[in-house]
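**Student:** Need the 3D shape of this:
(4 chains)
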2 protein chains.
Amino acid sequence: MEHGRAATDTRLTRDDWLRAARLALLHAGPEAVAVEPLARDLRVTKGSFYWHFRDRGDLLETLLAEWEVETALLTKALRTADLREALVMISEELDRRNVASERGESPSDAAIFAWAAVDPEVARRANKAERERMRLLRDLTGQPELADLFYYAYHGFLLRRRRVPSAAGDLAIISRLGLALLAPPARPQHK
Amino acid sequence: MEHGRAATDTRLTRDDWLRAARLALLHAGPEAVAVEPLARDLRVTKGSFYWHFRDRGDLLETLLAEWEVETALLTKALRTADLREALVMISEELDRRNVASERGESPSDAAIFAWAAVDPEVARRANKAERERMRLLRDLTGQPELADLFYYAYHGFLLRRRRVPSAAGDLAIISRLGLALLAPPARPQHK
DNA sequence: TGGGCTCCATACGGGTCCGTATTGACAGAG
DNA sequence: CTCTGTCAATACGGACCCGTATGGAGCCCA
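**Tutor:** Sure, this is the predicted structure:
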């Protein structure tokens, strides 16, 4: 109320641009994160953009950096809980973030890793986060191969979910299988 | 020897362009499948390109179409074998094709599905092939959820393999787990 | 009311790509 | 040796994007 922008205010904030950029990255890839097209979406001219950002590279770097931060937070938070708790927590947190991504409120795992496939510097930094994730999962479960299997399945799920929104529910299936195979309930692990 | 082109011949065939285009699509995405950059790679001018192709859309359509054909061949071939045979056959065939893709000799699953994430028409056609694959796997195994899990894991693997070539061996791990879980050897399925 | 600050519009030059039109090099057939 | 078909070079106009330079428009505060 005090210093916010009214509903009729047409001026944009830096985060308005970031939101539009996140959606473009998720739905059309990094090449679509372009100044003039985004300006058209936002119904302003690029004069606005170059007020909030140094250049296009500044925008892309910001997107990547904020993803790195969020990712590091999650992996760090998981180093406390026990196995079953952690698996449930992972599932819920990933689901929450995927929803936020589709609203442009958060950088998307799916979009970042797809971006990494076509940009060496992004690949370098995504690989770094990935190594920590995989190591965490392996340490947590003590079953490296099964852990990798579920890591891979999560990314395969993200890939499909971008094209087929109705597949969103499959995350729950993967999670259930993960609990059953990685942290078998009462029944003892054979051998 | 008889009618082929000598080693010193600089003239290109349509397939030389396709090979370069497949590699560009795999390593740099669909936006990189551009006439003038490809011409620079091939050390000719685009005068050559417009001899072999109507326009850029013609090239992209050819890449997508040849992938559709190869994919349909594999799914069709699998409708004969029994479960364990089919799983082994899938694993070997996918590995073979992934290697061919990296040589630019074949369109790549990884590249096509990444492309589909940013192009609705490609998504439509990739989804179609995907539905057949998933249905095949479910029918073959009779365990829909586990089948989906491995389908997802395969795609997650492809995604990572593009960035981390040393992960190539993980396909064998996924295959082994697939055999163990989807087609348990002698030991009867509990229940 | 008149600066000063924040944010956007406009206009421009430079770069890259697309697709066409035209000409040129070269090999094989007759 | 010419003629013909195949493939490539050159040159051009148009479209789109980037980044800069500069000039407002509106608000806050003295």
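**Student:** Report how many residues lie close to residue A:124.
**Tutor:** Residue crowding around residue A:124 was assessed by other C-beta atoms under 10 Å in any protein chain shown; the count is 11. (Glycine included, C-beta is placed from N, CA and C.)
**Student:** got the contact list for residue A:27?
**Tutor:** Contact partners of residue A:27, counting by C-beta atoms under 8 Å, 6 or more residues apart in numbering or on different chains, are A:162, B:118.
**Student:** What helix or strand is it located in?
**Tutor:** When secondary structure is defined by DSSP states H and E, residue A:27 falls within helix A:14-28.
**Student:** what about residue A:79, which SS state?
**Tutor:** coil (DSSP: H, G, I helix; E, B strand; the rest coil).
**Student:** Give me the nearest residue to it, chain neighbours excluded.
**Tutor:** When the adjacent residues along the chain are set aside, residue A:79 lies closest to residue A:136, with 7.3 Å between them (C-beta to C-beta, 6 or more residues apart in numbering or on different chains).
**Student:** from the chain's centre, how far out does the strand or helix carrying that neighbour sit?
**Tutor:** Residue A:136 is located in helix A:120-141, with elements delineated by DSSP H and E. Remark: helix A:120-141 is offset 13 Å from the chain centroid, using C-alpha atoms, centre = their mean, to the nearest Å.
**Student:** returning to that earlier point: buried set for the helix holding residue A:27?
**Tutor:** Using 16 or more other C-beta atoms under 10 Å in any protein chain shown as the test for burial, helix A:14-28 gives A:16-28.
**Student:** hmm, the next helix or strand after that helix in reach of chain B?
**Tutor:** Downstream of helix A:14-28, the first helix or strand assigned by DSSP H and E is helix A:35-42. No. Helix A:35-42 lies out of reach of chain B by C-beta under 8 Å from any C-beta of the partner chain, never closer than 13.3 Å.
**Student:** Which of the three states applies to residue A:107?
**Tutor:** coil.
**Student:** ok, it - contacts?
**Tutor:** If a contact means C-beta under 8 Å, 6+ apart, then residue A:107 has A:22, A:25, A:63-64, A:66-67, A:70, A:101 as its contacts.
**Student:** same deal with residue A:88?
**Tutor:** Residues touching residue A:88, when contacts are defined by C-beta under 8 Å, 6+ apart, comprise A:175, A:179.
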